[in-house]
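**Student:** Could you work out the structure for the sequence below:
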Amino acid sequence: MNILETIKNWLIEPETEEPEQIEKQDGKDLIDFQKEENFKNLDAVILLARPKSFRDAQNLCRHIKKGRAIMVNLDDMIPEEKQRLVDFISGVVMAQDGMIAKIHNNAYVCAARNIGIINIK
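**Tutor:** Numbers count the residues shown, from 1 in each chain. Prediction:
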């Protein structure tokens, strides 16, 4: 070890990863379903997305291609990008033999072929 590395070790504390804290409720571990590895074994997942721009389209479509359902809220987008995003996602959904349904002015449900969308009145 040279003199520079020795000084660096004196000045900088070594990085230690803190163990992930798991919350408990009624003595049971709570699972953080915001992490993808924690919902891989679930039977069904509906993702809620609030994209800010068209750049978020790729991430949304990745989930559709994996067979997941997404509820997309477009309230945070400018009007020109809203229509562009809806058109793009619609193409991916149709290519996957899926369904897309408008559920509100700026909200859509997108699902791959293994998930149906039924409007109950």
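
**Student:** Spit out the contact partners of the residue nearest to Asn73 when sequence neighbours are not counted.
**Tutor:** Closest residue to Asn73 apart from its sequence neighbours, by CB to CB, 6 or more residues apart in numbering: Arg50 at 4.7 Å. All C-beta spots, glycine's among them, are computed from the backbone N, C-alpha and C. Contact partners of Arg50, counting by CB atoms under 8 Å, 6 or more residues apart in numbering, are 72-73, 75-76.

**Student:** ranges for the strands of the protein?
**Tutor:** 24-25, 28-29, 46-49, 69-73, 99-104, 107-111 (DSSP state E).

**Student:** Ala112: which of the contacts of Arg50 is nearest?
**Tutor:** The shortest approach to Ala112 among the contacts of Arg50 belongs to Val72, at 14.0 Å (CB to CB).

**Student:** Would you mind confirming that that closest one is in contact with Pro51?
**Tutor:** Yes. The criterion here is CB atoms under 8 Å, and Val72 meets it with Pro51 at 6.8 Å.

**Student:** In the chain, what helix or strand scores lowest on average pLDDT?
**Tutor:** Here the helix or strand of the chain ranked lowest by mean pLDDT, DSSP states H and E is strand 24-25, holding a mean of 55.

**Student:** Comparing Val72 and Pro51, which residue is more hemmed in?
**Tutor:** Val72 (24 against 20; other CB atoms under 10 Å).

**Student:** Mind pulling up the pLDDT for that one?
**Tutor:** Looking at Val72, its pLDDT is 94.

**Student:** ok, it - contacts?
**Tutor:** Val72 neighbours (CB under 8 Å, 6+ apart): 49-51, 60, 85, 89, 107-110.

**Student:** Just the buried residues out of those, in PyMOL syntax.
**Tutor:** Per 16 or more other CB atoms under 10 Å, the buried members of these correspond to this PyMOL selection:
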select buried, resi 49+51+60+85+89+108+109+110
